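> Take a look and give me a structure for this.
(chains A and B)
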2 protein chains.
Amino acid sequence: MEKVLIILGCPESPSQTPLALYTAHKLTKMGFDVTVASTPSAAKLLEVSDSEEFYVQKKVDLEKCLESLEEKEYDLLVGFVHKDAAVSYFVTFYHILNTKSIAIVFEKDPELLEKFLNDLKENTDATLISARAYHNPTPLRVKIDKAFKELED
Amino acid sequence: MEKVLIILGCPESPSQTPLALYTAHKLTKMGFDVTVASTPSAAKLLEVSDSEEFYVQKKVDLEKCLESLEEKEYDLLVGFVHKDAAVSYFVTFYHILNTKSIAIVFEKDPELLEKFLNDLKENTDATLISARAYHNPTPLRVKIDKAFKELED
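Here you go, the predicted model:
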């Protein structure tokens, strides 16, 4: 079974936790073994949302995960990026894992969004999914579905 | 089976959707028949979070719900309040339903939080649960657990 690591930074946006639950569940249904690595605040929101662990079973602390991470430990990296710190985390995980990677980039300020995308393009060859999303998760959900459909093809 | 209506306004805070899922599931496990009424943006975040409807089964549009709402149609009203508009919705639902009511009030700005609480105290006799919450859902979750424990006693 292929392994995927989803990474979550600070949950500033109301869309992050809902989209993380959606993505984790979708990848699980596609047959991946899914682990979510998150900051303590993102972890608390996941736990409260999914109190029975119906959508996410394997959860680890982002920093602890990074400490012991090894090349090719996961077959796919999926990162949620909507802050500068999340860009840095994604680039770091990307270079250690050296595996297929997808960054889901969302930010309501178009200049910041552009900056995050440029930083990711300069520093990685990851597939980039992006939208000027904040409240409304639908544009990103549609793009996530499309990117994952391509994984299956 | 006693019926509870949970109302959700605009999901500005990253805590609202996670806490709504938690609260709905907790009340369901306590034996309530739970309906969640929400604005379109709050509804989309619920749908993306809980794509298999594991935590919330009955969902209605907030405005449509209000149009046909009748006194005592629900035995318990639970409202999430973190904007002026949500205060108005809660007060309106409270006076139409005329039933036991709990407002869960959260806002990071202490002056705004105080204002929302004062408005609710002046206009309702609802039980008020509050915290200066934004990212971290734990203080509210603990208070929600306590308030629901008192419902059972």
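> Which strands or helices does the strand or helix carrying residue A:46 pack on?
Residue A:46 is part of helix A:40-49, with elements assigned from DSSP states H and E. Counting by 3 or more CB pairs under 8 Å, 6 or more residues apart in numbering or on different chains; DSSP states H and E, the packing neighbours recorded for helix A:40-49 are strand A:3-8, helix A:16-29, strand A:58-61, helix B:16-29, helix B:138-152. Yep, even glycine has a C-beta here, placed from its N, CA and C like the rest.
> Which residues of chain A lie near chain B?
Proximity of chain A to chain B is confined to A:10-19, A:21-22, A:25-26, A:41, A:44-46, A:48-52, A:54-55, A:135-138, A:141 under the rule CB under 8 Å from any CB of the partner chain.
> Show me what the helix holding residue A:46 is in contact with.
Under the contact criterion CB atoms under 8 Å, 6 or more residues apart in numbering or on different chains, helix A:40-49 has outside partners A:8-11, A:16-18, A:20-21, A:36, A:38, A:55-56, A:59, A:61-62, B:14-15, B:17-19, B:21-22, B:49, B:135-138, B:141.
> what's the angle from it to helix B:40-49?
Compare the direction of helix A:40-49 with that of helix B:40-49 by axes from the mean of the first three to the mean of the last three CA atoms, to 10 degrees and you get 90 degrees.
> So which bits of helix A:40-49 are buried?
Judged by neighbour count using 16 or more other CB atoms under 10 Å in any protein chain shown, the buried positions of helix A:40-49 are A:41-49.
> As CSV, the helices and strands packed on helix A:40-49 with mean neighbour count, mean pLDDT and distance to residue B:3 would be great.
Output for these, formatted as CSV (neighbours: other CB atoms under 10 Å in any protein chain shown; pLDDT from 0 to 100; distance: least, CB to CB, whole Å):
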stretch, mean neighbour count, mean pLDDT, distance to residue B:3
strand A:3-8, 24, 98, 35
helix A:16-29, 23, 97, 26
strand A:58-61, 16, 98, 34
helix B:16-29, 23, 97, 10
helix B:138-152, 15, 93, 14
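> got the ones you listed as CSV, with distance to residue A:121 columns?
As requested, the helices and strands packed on helix A:40-49 are arranged in CSV below (distance: least, CB to CB, whole Å):
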stretch, distance to residue A:121
strand A:3-8, 18
helix A:16-29, 22
strand A:58-61, 28
helix B:16-29, 31
helix B:138-152, 37
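> Which among the ones you listed is found nearest to residue B:93?
Each of the helices and strands packed on helix A:40-49 was scored for nearness to residue B:93 using CB to CB, and the closest is helix B:16-29 (15.2 Å).
> Assign a three-state SS to residue A:77, would you?
State at residue A:77, reduced to three classes by DSSP: H, G, I helix; E, B strand; the rest coil: strand.
> List the contacts of it.
Remark: with contacts taken as CB under 8 Å, 6+ apart, residue A:77 is in contact with A:4-5, A:7, A:90, A:93-94, A:97, A:99-102, A:126.
> Which of these are buried? Put it as a PyMOL command.
The command below creates a PyMOL selection of those among the contacts of residue A:77 that count as buried (16+ other CB under 10 Å):
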select buried, chain A and resi 4+5+7+90+93+94+97+99+100+101+102+126
